[in-house]
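Peer 1: sequence unavailable; structure follows:
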(Lines give C-alpha, C1' and ligand atoms only; values in the text may rest on other atoms or scores of the structure.)
Protein backbone atom coordinates (compact mmCIF):
# COMPACT_ATOMS: atom_id res chain seq x y z
CA UNK A 1 0.00 0.00 0.00
CA UNK A 2 1.11 3.58 -0.43
CA UNK A 3 0.10 7.16 0.27
CA UNK A 4 0.96 10.56 -1.14
CA UNK A 5 1.08 14.00 0.48
CA UNK A 6 -1.50 15.58 -1.84
CA UNK A 7 -3.21 15.41 -5.25
CA UNK A 8 -3.72 18.41 -7.52
CA UNK A 9 -7.24 19.80 -7.00
CA UNK A 10 -8.03 16.50 -5.23
CA UNK A 11 -8.58 15.07 -8.73
CA UNK A 12 -7.53 11.51 -7.90
CA UNK A 13 -9.04 10.13 -11.10
CA UNK A 14 -6.74 12.21 -13.30
CA UNK A 15 -3.74 12.82 -11.03
CA UNK A 16 -3.97 10.22 -8.24
CA UNK A 17 -1.26 8.09 -6.68
CA UNK A 18 -2.27 4.94 -8.60
CA UNK A 19 -0.63 6.46 -11.70
CA UNK A 20 2.82 6.10 -10.11
CA UNK A 21 2.74 2.33 -10.59
CA UNK A 22 0.25 1.72 -13.42
CA UNK A 23 2.93 1.31 -16.10
CA UNK A 24 1.16 3.86 -18.32
CA UNK A 25 3.50 6.53 -19.70
CA UNK A 26 0.58 8.90 -20.27
CA UNK A 27 -0.58 9.07 -16.64
CA UNK A 28 1.05 10.73 -13.65
CA UNK A 29 0.75 11.64 -10.01
CA UNK A 30 0.50 15.42 -9.73
CA UNK A 31 0.85 16.91 -6.24
CA UNK A 32 -0.89 20.03 -5.08
CA UNK A 33 1.23 23.11 -4.37
CA UNK A 34 3.42 23.54 -1.31
CA UNK A 35 6.52 21.84 0.05
CA UNK A 36 7.45 19.30 1.17
CA UNK A 37 5.59 16.69 -0.86
CA UNK A 38 6.11 12.97 -0.28
CA UNK A 39 5.31 9.40 -1.32
CA UNK A 40 5.12 6.78 1.44
CA UNK A 41 5.30 3.06 0.58
CA UNK A 42 4.42 0.16 2.82
CA UNK A 43 5.99 -2.90 1.17
CA UNK A 44 4.35 -6.32 1.46
CA UNK A 45 7.42 -7.68 3.22
CA UNK A 46 10.79 -6.36 4.30
CA UNK A 47 12.93 -5.90 1.20
CA UNK A 48 16.46 -4.87 0.43
CA UNK A 49 16.51 -1.75 -1.75
CA UNK A 50 19.65 -0.59 -3.53
CA UNK A 51 18.27 1.80 -6.17
CA UNK A 52 15.13 3.40 -7.54
CA UNK A 53 13.90 4.99 -10.75
CA UNK A 54 11.79 8.15 -10.91
CA UNK A 55 10.42 9.82 -14.02
CA UNK A 56 9.41 13.42 -13.36
CA UNK A 57 7.89 15.97 -15.69
CA UNK A 58 10.46 18.67 -16.39
CA UNK A 59 9.55 21.88 -14.58
CA UNK A 60 7.86 19.90 -11.78
CA UNK A 61 10.90 18.05 -10.43
CA UNK A 62 11.71 17.42 -6.79
CA UNK A 63 14.67 19.29 -5.30
CA UNK A 64 16.67 18.63 -2.15
CA UNK A 65 15.10 15.18 -1.86
CA UNK A 66 15.74 12.34 0.55
CA UNK A 67 14.68 8.76 1.12
CA UNK A 68 13.58 7.57 4.55
CA UNK A 69 13.36 3.88 5.45
CA UNK A 70 12.43 1.77 8.44
CA UNK A 71 11.08 -1.54 9.75
CA UNK A 72 7.39 -2.33 9.99
CA UNK A 73 6.95 -1.08 13.56
CA UNK A 74 9.90 1.31 13.80
CA UNK A 75 10.40 4.92 12.97
CA UNK A 76 11.75 6.05 9.63
CA UNK A 77 15.22 7.48 9.28
CA UNK A 78 16.94 9.24 6.40
CA UNK A 79 19.07 6.72 4.49
CA UNK A 80 20.15 8.83 1.52
CA UNK A 81 19.72 12.15 -0.27
CA UNK A 82 19.13 12.45 -4.02
CA UNK A 83 19.26 15.34 -6.43
CA UNK A 84 17.17 14.87 -9.58
CA UNK A 85 17.87 16.78 -12.79
CA UNK A 86 15.08 18.98 -14.18
CA UNK A 87 14.37 16.68 -17.14
CA UNK A 88 11.60 14.44 -18.48
CA UNK A 89 13.55 11.22 -18.87
CA UNK A 90 13.74 8.36 -16.40
CA UNK A 91 16.39 8.94 -13.71
CA UNK A 92 18.18 6.20 -11.79
CA UNK A 93 19.36 6.75 -8.22
CA UNK A 94 21.64 4.24 -6.51
CA UNK A 95 21.77 4.23 -2.72
CA UNK A 96 25.15 4.62 -1.04
CA UNK A 97 24.52 1.22 0.50
CA UNK A 98 21.57 -1.19 0.24
CA UNK A 99 18.91 -0.74 2.91
CA UNK A 100 16.54 -3.36 4.28
CA UNK A 101 13.11 -1.88 4.98
CA UNK A 102 9.39 -2.52 5.13
CA UNK A 103 8.52 1.18 4.85
CA UNK A 104 9.94 3.80 2.50
CA UNK A 105 9.19 7.49 2.19
CA UNK A 106 10.41 9.69 -0.66
CA UNK A 107 10.45 13.32 0.48
CA UNK A 108 10.66 16.24 -1.97
CA UNK A 109 11.64 19.27 0.12
CA UNK A 110 11.42 21.59 -2.87
CA UNK A 111 10.44 21.66 -6.53
CA UNK A 112 11.63 23.28 -9.74
CA UNK A 113 8.01 24.51 -9.93
CA UNK A 114 7.49 27.94 -8.32
CA UNK A 115 4.41 26.63 -6.47
CA UNK A 116 6.10 23.46 -5.21
CA UNK A 117 4.14 21.02 -7.34
CA UNK A 118 5.68 17.62 -8.21
CA UNK A 119 4.70 15.54 -11.27
CA UNK A 120 5.86 11.91 -11.46
CA UNK A 121 5.03 9.45 -14.25
CA UNK A 122 6.83 6.44 -12.83
CA UNK A 123 8.39 5.27 -9.57
CA UNK A 124 10.17 1.93 -9.40
CA UNK A 125 12.04 0.35 -6.48
CA UNK A 126 14.99 -1.90 -7.37
CA UNK A 127 16.31 -4.76 -5.27
CA UNK A 128 19.67 -6.45 -5.77
CA UNK A 129 19.31 -9.77 -7.59
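Peer 2: Here it is on my side, so go on. Note that the structure is a prediction, hence the values are computed from the model and not measured.
Peer 1: so which residues of the chain form strands?
Peer 2: In the chain, the strands defined using DSSP state E lie at 2-4, 29-30, 37-56, 62-70, 77-82, 91-111, 119-126.
Peer 1: including mean pLDDT and mean neighbour count, could those go into TSV?
Peer 2: Where you see a C-beta, it was placed from the backbone N, CA and C, and this is true even at glycine. Compiled in TSV, the strands of the chain are given as follows (pLDDT from 0 to 100; neighbours: other C-beta atoms under 10 Å):
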stretch	mean pLDDT	mean neighbour count
strand 2-4	97	16
strand 29-30	98	24
strand 37-56	96	17
strand 62-70	98	20
strand 77-82	97	14
strand 91-111	97	17
strand 119-126	96	19
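Peer 1: in CSV: these, plus distance to residue 13.
Peer 2: What follows is the strands of the chain, written out as CSV (distance: least, C-beta to C-beta, whole Å):
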stretch, distance to residue 13
strand 2-4, 14
strand 29-30, 12
strand 37-56, 18
strand 62-70, 23
strand 77-82, 30
strand 91-111, 23
strand 119-126, 16
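Peer 1: what is the burial count for residue 88?
Peer 2: By other C-beta atoms under 10 Å, the residues close to residue 88 number 15.
Peer 1: my guess is it contacts residue 59. True?
Peer 2: No: under the criterion of C-beta atoms under 8 Å, residue 88 lies out of contact with residue 59, with a separation of 9.0 Å.
Peer 1: who touches both of those two?
Peer 2: With contacts taken as C-beta atoms under 8 Å, 6 or more residues apart in numbering, not a single residue reaches both residue 88 and residue 59.
Peer 1: okay, residue 129: pLDDT?
Peer 2: Per-residue confidence at residue 129 stands at 67 (pLDDT).
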